[in-house]
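Participant: Here is a sequence together with a model predicted from it:
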Amino acid sequence: MKGEVILRVEGLWKYFGDVIALRNINLEVLKGELLVLLGPSGSGKSTLLRIIAGLEKPTKGKVYMDSEDITDLPPYKRDTSMVFQSLALFPNMTVYDNVAYGLKIRGVPKDEIDKRVDEILDLVKIRELKNRRVTKLSGGQRQRVAIARSLILNPSILLLDEPLGALDLKLRKELHVELKRLHEEVGNTWIFVTHDQEEALTLADRIGIMNNGRLEQVGDKWDLYEKPATRFVAEFIGETNLIDGKVVEVGDKYIVVDWMGEKIYAPVLENIDRGMNVSISIRPENISVSFRPKSVGEGVNIYEGEVVDELFKGSYVIYYVKIRNGQVIRATVLSKDADFDVGNKVYIYWRFDKGVTIID
Amino acid sequence: MRIEISGKIIKYILAIYTGLTIGFFIYFPISILYIYSVNNTPYFIPEWRGFTLQWFLKIFERGDLLNSIWNSLIIAVFVTAISMALGIPPSFYLVRTKGRIRDAYFLYLMIPFIIPWIIIGVADFILFWFIGVNKSLLTAALSHIVYSIPLIVVILTPRIYSLDPSLEEASMDLGADELTTFRKVTFPLIFPSIASAAIITFAWSFDNFVISYFTLGNELTWPVWVFSVIGKVPRIMPIINATSVIIITVSSIAIYILAKKGLTELF
Amino acid sequence: MSNKLLDRILYKYLIRRLGYYLGNLPGIIYILLLFYAPIAILFVISLTPPHKYIVIWEFTPINYFKVFTEATYYRILLNTFMIVSVATILLIIVAYPIAYYLARIAPNIGDRLLLFTIIPVEVNYLIRIYAWRVILGENGFLNSLLISMGLIHKPLTIFFYSWFAVVIVIIHEYLPYVVVPFYLNLRGIPNEIYEAAMDLGASKLQILRTITLPLSKPGLLSVVFIVFIPTLGEFAIPSLVGGQTGLMIGNLIDRYLSQFNLAIGATLSFFLLLFSIIISLIMIRLFGYEALYAR
């Protein structure tokens, strides 16, 4: 059934010698979803995937699949299949032999193998390449062979480790559409690792953001964008202004934070107290800019400042506004409303609930 | 059915196998040379007769032995110098050109390389007879070069091929002409390869027996001299043996130091 | 166009280009004069009637018929082929597990260990052949060992002055050079390939059979160039340890050249040349030039 937890990772740690690759990872993967693990290189996302595949043993922690502990099972006893970063196609074989490999190893009769290979090659749309050597294929075609080779075994979970890494941008974009379609047609669970934010946003049902061995936040893309749980997430997905300050007052709806001499209102959080250091993330598109001060309601942040730079981006413009405490805030304005010039005195303002309070 | 063999057991079996095989086929006979070089008996019998250094001292009593080593050194130096001069230009040409002429040229250079050495020896034996040249150290050296030119090409081409061409392009873009670029960029980059080509050529020429055997005159090189006395001159084997021990030791240490300093690449 | 510019262009595109091509000329001429021309003379002499001390300038293919019909010749040709084939096959069988161990299980010591096995076999080829007499000879180590173990009572003579000794010494001489191409070849296979096979359900033996061994084929081809073809012309090893059963074509060539019967010597050499080139060309045609490079 869709929506049920198919894979659960509990308290996972991984050391390579003295280097900590994973720190206390807890993750639930839902049946039928496409979960993207997103993070910069060295963040531990590939290690996590390899532990799920069984190619690596965790130092501490457990992996459960359908509530069964699979932590110590070798890869071939797991109902997962991996698509490698290098694709790892067997260069001595044809497309057919690559795709049929898993079935041949399992001793499936020849005519059944033929039938299933044809089906799966139809699914990835490369049936005409069946007898071609894999060394004679283009990047996109190799991609499809690698996925077909894994999918033919009907794994409950397909693991993909940056499989599009080596391809050029245009081809990647074509394959994103193709992968999305494949995932919907096959209907199994996919865990996809990438460092490319755009790829993650295009493909994912849910995204897990990894940084420095930690799983920082898991959620759908809107959650991550609108309610980042950590500074890293706020900065990694989209553009944002990060404001650091100290809580001076805790109200019912908002808190007041001292930001280098300026007051700033931000949403209240549970267990927040006076004197705590917090960060406030405010997206540039949530900030309004005007020549005159607007009437100030309760909990609206408004600052006087000077435009110090502007960046024309086509449909919108980014203004860099320096306010009285010397800090520069970025705000975006649609091009049709962008009447401001460098040197202009302007006011920037936003209601407190447009910001996000982050305790790190 | 899945046959499971513990990875650990395979590791140990392979480690022991590797040790035993290399030990028996490579080090056993070589250690025998070392043992007999200090064994106090002129006969190679499996028996220890006490320690002696007399064989090493007797090397200096054999003028013919020392002379043959000197001849081998002279030939090796000559062969290395000439074949480097003749072998480096085609190495660059073959890497930076494509097409049928290039392939044909490659084959032209490679045929003397892939065939057994004895053919070069016999062919040049007949050549020198045919044109009426007396055989000497020079004729042997000239025959060696037939093999060492392609040897250098085979060592250098893969390394030149793996040079990043953008480095040379960058140099020329910065205003250096081809000659300066070669001197300042290309040559330093392939110097270790050129050095290893020179060392391999030198060692090969020094130790070559078959080609020298057919193309030498009265002056003999070290391997040919050894061949001429093995089993014929009594009580000479331990002296030859002691000499080999010195050569093996010196060359091993020299190659090891050079390889360690990154001056050469052996493979 | 100014004269100066013209000069520059002339200099750059003509003189330098020319210099680039001319650099190849000495080598081409050298190989022509000291290899291809002598081979042509050799071929012509192989067509003259066999005679000691003089060459009779008449032309007949009789030597080639002799070589294939007279037992003294073709027996030794066959013997050469057998010895070399057995040595090559044994070398592959002996060397492959070592290469596998060094490349896959102990890669950190691989380079150094290979260096230490290659260095001692680089020099003193003849005396190392002689050392085997101490191991394989009638009063050698092997016989002493077998007698002390009670397996035999009298020293066996088959180990020395025999084709067996020739094969053993060829293995000694070429073992490191056969390990190297397999080692480099196995190291070139990315780890993810093995992981993918394992992930798809293959056992260690199945991986070896379906992935590792087929991917080692280029190494196998290098071995043809490294061992098979060069040892066809081996001469010192059979002379020193071969005895009667270990005679090879090299001994035959030497015998006729020292009798100054050039016609037969030339015929045998030319036959050996043709045979080597044909095998090489088949290899190159089938698998490309790469196989050459591991030598």
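Facilitator: Structure received. Numbering: from 1, shown residues only, chains lettered A, B, ... in the order given.
Participant: For the residue of the stretch 1-150 of chain B found nearest chain C, what are phi and psi?
Facilitator: Closest contact between the stretch 1-150 of chain B and chain C, by Cβ to the nearest Cβ, is at B:Pro116 (2.3 Å). Just so you know, the C-beta spots here come from the backbone N, C-alpha and C atoms, and that holds for glycine as well. The phi and psi torsions at B:Pro116 (degrees, to the nearest 10) take the values phi -60, psi 150.
Participant: Distance check, it against chain A.
Facilitator: Distance of B:Pro116 to chain A, computed by Cβ to the nearest Cβ, to the nearest Å: 32 Å.
Participant: C:Phe225 is in contact with that residue, correct?
Facilitator: No - counting by Cβ atoms under 8 Å, B:Pro116 does not reach C:Phe225; the two are 11.4 Å apart.
Participant: Quick one: mean pLDDT for the host helix or strand of A:Leu35?
Facilitator: Using DSSP states H and E, A:Leu35 sits within strand A:34-38. Per-residue pLDDT values over strand A:34-38 give a mean of 94.
Participant: give me the number of residues near the nearest residue in space to A:Phe352 that is not next to it in sequence?
Facilitator: Leaving out its chain neighbours, the residue that sits closest to A:Phe352 by Cβ to Cβ, 6 or more residues apart in numbering or on different chains is A:Tyr265, at 3.7 Å. With neighbours defined by other Cβ atoms under 10 Å in any protein chain shown, the count for A:Tyr265 comes to 22.
Participant: can I assume A:Gly305 sits in a strand?
Facilitator: Yes - using DSSP: H, G, I helix; E, B strand; the rest coil, the assignment for A:Gly305 is a strand.
Participant: Looking at strand pairing, list the partners for it.
Facilitator: Beta-bridge partners for A:Gly305, by DSSP bridges, are A:Ile323, A:Val346.
Participant: sorry, back to before: need the pLDDT of the residue nearest to A:Phe352.
Facilitator: 91.
Participant: Check the secondary structure at it for me.
Facilitator: strand.
Participant: what about B:Leu220, neighbour count?
Facilitator: Residues near B:Leu220, counting by other Cβ under 10 Å, number 22.
Participant: that's a strand at it, yeah?
Facilitator: No - using three-state DSSP, the secondary structure at B:Leu220 is coil, not a strand.
Participant: Now it. Its backbone dihedrals?
Facilitator: Dihedral angles (degrees, to the nearest 10) for B:Leu220: phi -110, psi 150.
Participant: wait, isn't it in contact with B:Ile69?
Facilitator: No - if you go by Cβ under 8 Å, B:Leu220 and B:Ile69 don't touch, sitting 10.3 Å apart.
Participant: what's near enough to touch B:Gly7?
Facilitator: With contacts defined as Cβ atoms under 8 Å, 6 or more residues apart in numbering or on different chains, B:Gly7 is in contact with C:Lys204.
Participant: how close does it get to B:Leu14?
Facilitator: 11 Å (Cβ to Cβ, to the nearest Å).
Participant: again with C:Pro218
Facilitator: Noted for C:Pro218: a distance of 22 Å to B:Leu14, by Cβ to Cβ.
Participant: And the contacts of the host helix or strand of B:Ser244?
Facilitator: B:Ser244 is part of helix B:237-260, with elements assigned from DSSP H and E. Identification of contacts with helix B:237-260 by Cβ under 8 Å, 6+ apart yields B:30, B:33-34, B:36-37, B:39, B:41-42, B:44, B:55-56, B:58-59, B:62, B:65, B:69, B:195, B:199, B:203, B:226, B:229-230, B:264-266, C:115, C:119-120, C:122-124, C:127-128, C:130.
Participant: That one: how far from the chain's middle?
Facilitator: 13 Å (Cα atoms, centre = their mean, to the nearest Å).
Participant: What of stretch B:69-77?
Facilitator: Worked out by Cα atoms, centre = their mean, stretch B:69-77 lies 13 Å from the chain centre.
Participant: can you list contacts of that stretch?
Facilitator: Stretch B:69-77 is contacted from outside by B:137, B:140-141, B:144, B:202-203, B:205-206, B:212, B:219-223, B:243, using Cβ under 8 Å, 6+ apart.
Participant: In terms of distance to chain A, which of those residues ranks first?
Facilitator: Nearest member of the contacts of stretch B:69-77 to chain A, counting by Cβ to the nearest Cβ, is B:Ala203, at 35.6 Å.
Participant: and that closest one, how many residues sit next to it?
Facilitator: Neighbours of B:Ala203 (other Cβ under 10 Å): 18.
Participant: so which strand or helix has it?
Facilitator: Using DSSP H and E, B:Ala203 falls in helix B:187-207.
Participant: any residue of that helix up close to chain C?
Facilitator: Yes - residues of helix B:187-207 are located near chain C by Cβ under 8 Å from any Cβ of the partner chain, namely B:Ala203, B:Phe206, B:Asp207.
Participant: so what does that helix touch, helix or strand wise?
Facilitator: helix B:63-96, helix B:137-161, helix B:222-229, helix B:237-260 (3 or more Cβ pairs under 8 Å, 6 or more residues apart in numbering or on different chains; DSSP states H and E).
Participant: residues touching the residue of the stretch 1-150 of chain B closest to chain C, list them.
Facilitator: Neighbours of B:Pro116 in contact, by Cβ under 8 Å, 6+ apart: B:Val210, C:Ile229, C:Pro230, C:Thr231, C:Leu232, C:Gly233, C:Glu234, C:Gly250, C:Leu272, C:Ser276.
Participant: got a pLDDT number for the third one?
Facilitator: The predicted local distance difference test score for C:Pro230 is 92.
Participant: Could you tell me which residues of the stretch 51-200 of chain C lie near chain A?
Facilitator: C:Pro190, C:Glu192, C:Ile193, C:Glu195, C:Ala196, C:Ala197, C:Met198, C:Asp199, C:Leu200.
Participant: Could you export those as CSV, including distance to C:Ile152?
Facilitator: Shown next, in CSV, are these (distance: Cβ to Cβ, whole Å):
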residue, distance to C:Ile152
C:Pro190, 50
C:Glu192, 52
C:Ile193, 48
C:Glu195, 50
C:Ala196, 52
C:Ala197, 47
C:Met198, 47
C:Asp199, 53
C:Leu200, 52
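Participant: Just the buried residues of the residues you listed.
Facilitator: C:Glu192, C:Ile193, C:Glu195, C:Ala196, C:Ala197, C:Met198, C:Asp199, C:Leu200 (16 or more other Cβ atoms under 10 Å in any protein chain shown).
Participant: Looks like the last one contacts A:Tyr101 (just checking).
Facilitator: Looking back up the chat, that one is C:Leu200. Yes - contact status for C:Leu200 versus A:Tyr101: in contact at 5.4 Å, counting by Cβ under 8 Å.
Participant: Name the residues contacting each of those two.
Facilitator: A:Arg149.
Participant: sorry, back to before: quick check: mean pLDDT across the helix holding B:Ser244?
Facilitator: pLDDT averaged over helix B:237-260 gives 86.
Participant: angle of that helix against helix B:222-229?
Facilitator: Inter-element angle recorded for helix B:237-260 and helix B:222-229: 160 degrees (by axes from the mean of the first three to the mean of the last three Cα atoms, to 10 degrees).
Participant: Could you list the buried residues of helix B:237-260?
Facilitator: So for helix B:237-260, counting by 16+ other Cβ under 10 Å, buried means B:237-245, B:247-248, B:251-252, B:255, B:258-259.
Participant: same check, this time on stretch A:135-155
Facilitator: Under the neighbour-count criterion of 16+ other Cβ under 10 Å, stretch A:135-155 has A:137, A:140-153, A:155 buried.
Participant: Now tell me which of those the prediction trusts least.
Facilitator: The member of these with the lowest pLDDT is A:Gly140, at 86.
Participant: wait, isn't that residue in contact with A:Leu175?
Facilitator: Yes - using Cβ under 8 Å, A:Gly140 is in contact with A:Leu175, at 6.3 Å.
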